[in-house]
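Peer 1: got a predicted structure here, sequence first:
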Number of protein chains: 2
Amino acid sequence: MGAINLQNPTARFSAIKDKKLSIDATRGKPSMQQVALSDGILAAPPHHEIEAYQAKTGIDILNYGGNDGLPEMKNIFAEILDISPGDVIVGGNSSLNMMFDAVATMILSGLWVQGKSKILCPSPGYDRHFAICQYLDLPMITIPMTPNGPDMDMVEELARDPDVAGMWCVPVFSNPQGHVYSDETIRRLAAMPTANPHFKLLWDNAYSVHHFQGARPAPVNILPECDKHGHPGRPIIFTSFAKISVPGACVVCMAAAKPTVDVLRKRLLAQTIGPDKINQFQHINFFKNLQGVQAHMEKHAAILRPKFELVNEMFSKYLPEAGATFTSPDGGYFVSVETPPGHAKKVVAKCKEAGVLITDAGATFPYGKDPFDSNIRFAPSFLSMDELEQAAEVFCLAVLTA
Amino acid sequence: MGAINLQNPTARFSAIKDKKLSIDATRGKPSMQQVALSDGILAAPPHHEIEAYQAKTGIDILNYGGNDGLPEMKNIFAEILDISPGDVIVGGNSSLNMMFDAVATMILSGLWVQGKSKILCPSPGYDRHFAICQYLDLPMITIPMTPNGPDMDMVEELARDPDVAGMWCVPVFSNPQGHVYSDETIRRLAAMPTANPHFKLLWDNAYSVHHFQGARPAPVNILPECDKHGHPGRPIIFTSFAKISVPGACVVCMAAAKPTVDVLRKRLLAQTIGPDKINQFQHINFFKNLQGVQAHMEKHAAILRPKFELVNEMFSKYLPEAGATFTSPDGGYFVSVETPPGHAKKVVAKCKEAGVLITDAGATFPYGKDPFDSNIRFAPSFLSMDELEQAAEVFCLAVLTA
């Protein structure tokens, strides 16, 4: 690993610029090596397997029908989320689409109102969650994040406003910090009174099986917890195989208890004949159950672990020198960096100067506006170890010289 | 073919009831034999082909990205619809989903208003179009159909109402009649003034290459025609491979010119990472271009033709006796029957008594209400020739005895 001379980072930065790098670290994409782990899923299901399935279940996966997913696919999602298969609605690429549709359903069903219903947005957070709210004209309120999850005092206070209609949550390995919500946070989210009877937790459980250090996080289960407190319809849970199988051709789900799942199913009946069943069938054959998914995720972890270790080592060595802090997650896809206030945009611009593209500063906040201009999302997964080392060095140099 | 004794259909009907048939002729599903024509599409693309494609185009079809479709898939749709690939947005299963989303986009963008914006519905028509309007609370106005398309005098008159915001059209082999809109109809739809500046033709070109008799219909092209009359943004075109390749795992598209395509793309950016690219890639490899699609559709036609001939023969022989009329389409998936007023529900109920399920009477009208209780949609495609002969006989007997 190239050692940066902390006395003279500027010279090193100039030298690196001369290399004319071209590295894209903007998105949390699995690497080609990770995607190749699922080569087997692309193998066409032999016709006798399709026929055997039809004979056993009476479901013709080649023809129309089945608008909420094959039973075995629901079972796999139910096992992952530890909920009932009856609460699961399966979809095709992508979970973002399901989130958009779920939020749009709240509006189209007259439960939320554009321009009025406000959404709580723990931030730094996921830019695409915020883009959905912005497109649909749902005003966003920034909630500070802590290592235990969102600032719950503030959330409980705001939930007294009847216009506050929902909240984005990435409970496990939050995007971009990699924080896991504490049990207390989840219990308070489930228990708190909300003035709006249609208040929803938009529970994006994107990284539920995506740990690469230690054991799988096992936070309190939001669905029974909400039920216990008399709010069974509060959560809408989302998860995806995008970062398990093939991001370009995956299966996803949303899940909710009554009465929310009824609202979602009602839309589904009018909206679609159903998602791609062949792709579900291939996922079922390849993964079989939660155990199959977990065995597969160990292979992902083995690829991701050294990348996050490399970033952690580089950042530990150099970022404190510049007064920047960063997270060291045990899973998920990102490292969150806090530069001194007013520096994030400059750092991203400097990285670009040196040929390394980083997610735009500000993207991790509603409306793209980081009030302190300090947060940056760093995405190690897609790069090779060589590229990553270069990108991390450029990033450190940019922070040191910005 | 069983000959019905026209002097005593009741006895024959009783005899058939004793057979305890179980035949489902409710939906326009391709038969297993038709779906098997596309077995090749389920063959997994070999890895070297995926790699070669990526090397050539720079597009990684396995990973995230490409929210409006692969260029080659756009080209195939553009050839089918005779429009520019730049106007095409590709999606996955199903085209109904795209229609729902397009209509919902009009509402979510504030251009149409729930409970107020009215949709013209040529009827008898497609029940799932009407279900979208009903779910989204867009009041429907029934427009009578003629063999040349909707009653254009009535359409032009109603279009003067600023609350009239759109119209469903199945221009080629209308569902359920199999009528093809005349050039005059299409020209009037393109040219007519509308009081609502956001008036849209929801142009469901579902059966564009689905002729089984004679040549492919070549009606006036709606997109350039609207453009010529100063209404480029008026049509939103939909089409699907559901009845070309595999209904359970197909590709679909919507298409529109500016400014409408911009409205649709804006939603897409917020809504999704993109549809399944592997499935598109498999369609591209299998069909290649319009010529490939047309050659394939000849095989479908060869399977469908004798089925429609059988129905036509049976219906010609018996239905006139009961004062019923019916269509003899050259393509599409349905035959539309007009019983004497007040008989349709009875006929469908009698068919069910004899173990033959037919689409509910009324389904072909907005809100499921046929003002004359006379229209029935008959769907020959999914049944084997044996089943079809039995179903058609039961149907004729039901009409004769109702």
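Peer 2: That came through fine.
Peer 1: what's the residue nearest to A:Phe395 when sequence neighbours are not counted in contact with, if anything?
Peer 2: With CB to CB, 6 or more residues apart in numbering or on different chains as the criterion, A:Phe395 has its nearest non-adjacent residue at 5.9 Å, and that residue is A:Cys351. Using the backbone N, CA and C atoms, a C-beta is placed for each residue, glycine as well. For A:Cys351, the contact set (CB atoms under 8 Å, 6 or more residues apart in numbering or on different chains) comprises A:357-358, A:391, A:394-395, A:398.
Peer 1: what comes up buried for the longest helix belonging to chain A?
Peer 2: Across chain A, the longest stretch assigned as helix under DSSP state H is helix A:290-318. Counting neighbours by 16 or more other CB atoms under 10 Å in any protein chain shown, one finds that the buried residues in helix A:290-318 are A:290, A:292-293, A:296-297, A:300-301, A:303-304, A:307-308, A:310-312, A:314-315, A:318.
Peer 1: give the pairing partners of the very next helix or strand once past it; include direction for each.
Peer 2: Later in the chain than helix A:290-318, the nearest helix or strand by DSSP states H and E is strand A:325-326. Strand A:325-326 pairs in its sheet with strand A:335-338 (antiparallel), by DSSP bridges.
Peer 1: quick one: contacts of the partner strand?
Peer 2: Residues contacting strand A:335-338 (CB under 8 Å, 6+ apart): A:124, A:176-178, A:308, A:311-312, A:315, A:319, A:324-329, A:364, A:374-378, A:380, A:395, A:399.
Peer 1: show me how to select, in ChimeraX, the buried members of the residues you listed.
Peer 2: A single ChimeraX command selects the buried members of these (16+ other CB under 10 Å):
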select /A:124,176,177,178,308,311,312,315,319,324,326,327,329,364,374,375,376,377,378,380,395,399
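Peer 1: the strands in chain A, which residues?
Peer 2: A:23-25, A:88-92, A:118-123, A:140-146, A:149-150, A:164-169, A:200-204, A:235-240, A:251-255, A:325-326, A:335-338, A:356-358, A:375-378 (DSSP state E).
Peer 1: with respect to A:Pro45, which of those lies nearest?
Peer 2: Between A:Pro45 and the strands of chain A, the tightest spacing by CB to CB is seen for strand A:251-255, at 14.2 Å.
Peer 1: contacts for the closest one?
Peer 2: A:69, A:73-74, A:77-78, A:81, A:83, A:87-95, A:97-99, A:102, A:223, A:236-242, A:245, A:261, A:264, A:275, A:279-280, A:283.
Peer 1: how far out from the middle of the chain is that strand?
Peer 2: Its chain's C-alpha centre lies 13 Å from the corresponding centre of strand A:251-255 when counted by CA atoms, centre = their mean, to the nearest Å.
Peer 1: with stretch A:354-373 instead?
Peer 2: Using CA atoms, centre = their mean, the offset of stretch A:354-373 from its chain centre is 17 Å.
Peer 1: may I have the beta-bridge partners of the nearest residue to A:Asp87 once chain neighbours are set aside?
Peer 2: Spatial nearest neighbour of A:Asp87, excluding adjacent residues (CB to CB, 6+ apart): A:Ala255 at 4.7 Å. When bridges are called by DSSP bridges, A:Ala255 pairs up with A:Val88, A:Ile237.
Peer 1: sorry, back to before: nearest to A:Ala344 among the contacts of A:Cys351?
Peer 2: Nearest to A:Ala344 out of these is A:Ile358 (CB to CB; 9.6 Å).
Peer 1: ok, how many other residues are close to the closest one?
Peer 2: 26 (other CB atoms under 10 Å in any protein chain shown).
Peer 1: bridging residues for it?
Peer 2: A:Ala25.
Peer 1: isn't it right up against A:Ala392?
Peer 2: No - using CB atoms under 8 Å, A:Ile358 is not in contact with A:Ala392, being 10.9 Å away.
Peer 1: anything in contact with each of those two?
Peer 2: A:Phe378.
Peer 1: hang on, the earlier thing: of the contacts of A:Cys351, just say which sits nearest to chain B.
Peer 2: Proximity of those to chain B (CB to the nearest CB) peaks at A:Leu357, which lies at 14.3 Å.
Peer 1: give me the neighbour count for the closest one.
Peer 2: Using other CB under 10 Å, A:Leu357 has 17 other residues around it.
Peer 1: now do the contacts for it.
Peer 2: Taking CB under 8 Å, 6+ apart, one finds A:23-26, A:351 in contact with A:Leu357.
Peer 1: show residues contacting stretch A:286-303.
Peer 2: Stretch A:286-303 has contacts (CB under 8 Å, 6+ apart) with A:30-31, A:33-34, A:37-38, A:40-41, A:75-76, A:79-80, A:209-213, A:216, A:243-245.
Peer 1: list only buried entries from these.
Peer 2: By neighbour count, with 16+ other CB under 10 Å, the contacts of stretch A:286-303 hold A:30-31, A:34, A:37-38, A:41, A:75-76, A:79-80, A:209-212, A:243-245 as buried.
Peer 1: which residues does the spatially most central residue of chain A contact?
Peer 2: In chain A, the residue lying closest to the centroid (CA atoms, centre = their mean) is A:Ala206, at 4.2 Å. Contact analysis of A:Ala206 by CB under 8 Å, 6+ apart lists A:95, A:170, A:173, A:175, A:238-240, A:243.
Peer 1: same list (those residues) but as a markdown table, adding pLDDT.
Peer 2: Putting those into a markdown table (pLDDT from 0 to 100) gives the following:
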| residue | pLDDT |
| --- | --- |
| A:Ser95 | 93 |
| A:Val170 | 98 |
| A:Phe173 | 98 |
| A:Asn175 | 97 |
| A:Phe238 | 98 |
| A:Thr239 | 98 |
| A:Ser240 | 97 |
| A:Lys243 | 97 |
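Peer 1: from those, pick the one nearest B:His47.
Peer 2: Closest approach to B:His47 among the contacts of A:Ala206 (CB to CB): A:Lys243, at 20.6 Å.
Peer 1: what residues are up against the residue nearest to that closest one when sequence neighbours are not counted?
Peer 2: Excluding the flanking residues, the one nearest A:Lys243 by CB to CB, 6+ apart is A:Pro30, at 5.5 Å. Neighbouring residues of A:Pro30 by CB under 8 Å, 6+ apart: A:243, A:247, A:300, A:381-382, B:63.
Peer 1: do A:Pro232 as well
Peer 2: Neighbours of A:Pro232 in contact, by CB under 8 Å, 6+ apart: A:223, A:226, A:257-260.
Peer 1: now those as JSON lines including neighbour count?
Peer 2: As requested, those are exported to JSON lines (neighbours: other CB atoms under 10 Å in any protein chain shown):
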{"residue": "A:Leu223", "neighbour count": "21"}
{"residue": "A:Cys226", "neighbour count": "24"}
{"residue": "A:Ala257", "neighbour count": "22"}
{"residue": "A:Lys258", "neighbour count": "13"}
{"residue": "A:Pro259", "neighbour count": "11"}
{"residue": "A:Thr260", "neighbour count": "24"}
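Peer 1: OK, contacts around the closest residue to A:Met154 other than its chain neighbours?
Peer 2: Nearest non-adjacent residue to A:Met154, counting by CB to CB, 6+ apart: A:Ile143, 5.7 Å away. By CB under 8 Å, 6+ apart, the contact set of A:Ile143 is A:120-123, A:150-151, A:154-155, A:158, A:167.
Peer 1: mind giving me the PyMOL command for buried ones among those residues?
Peer 2: Command for PyMOL that selects the buried part of the contacts of A:Ile143, burial taken from 16+ other CB under 10 Å:
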select buried, chain A and resi 120+121+122+123+150+151+155+158+167
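Peer 1: would a markdown table of the contacts of A:Ile143 with distance to B:Ala131 and pLDDT be doable?
Peer 2: What follows is the contacts of A:Ile143, written out as a markdown table (distance: CB to CB, whole Å; pLDDT from 0 to 100):
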| residue | distance to B:Ala131 | pLDDT |
| --- | --- | --- |
| A:Leu120 | 34 | 98 |
| A:Cys121 | 34 | 98 |
| A:Pro122 | 37 | 98 |
| A:Ser123 | 39 | 98 |
| A:Pro150 | 39 | 98 |
| A:Asp151 | 44 | 98 |
| A:Met154 | 42 | 98 |
| A:Val155 | 38 | 98 |
| A:Leu158 | 38 | 98 |
| A:Met167 | 32 | 98 |
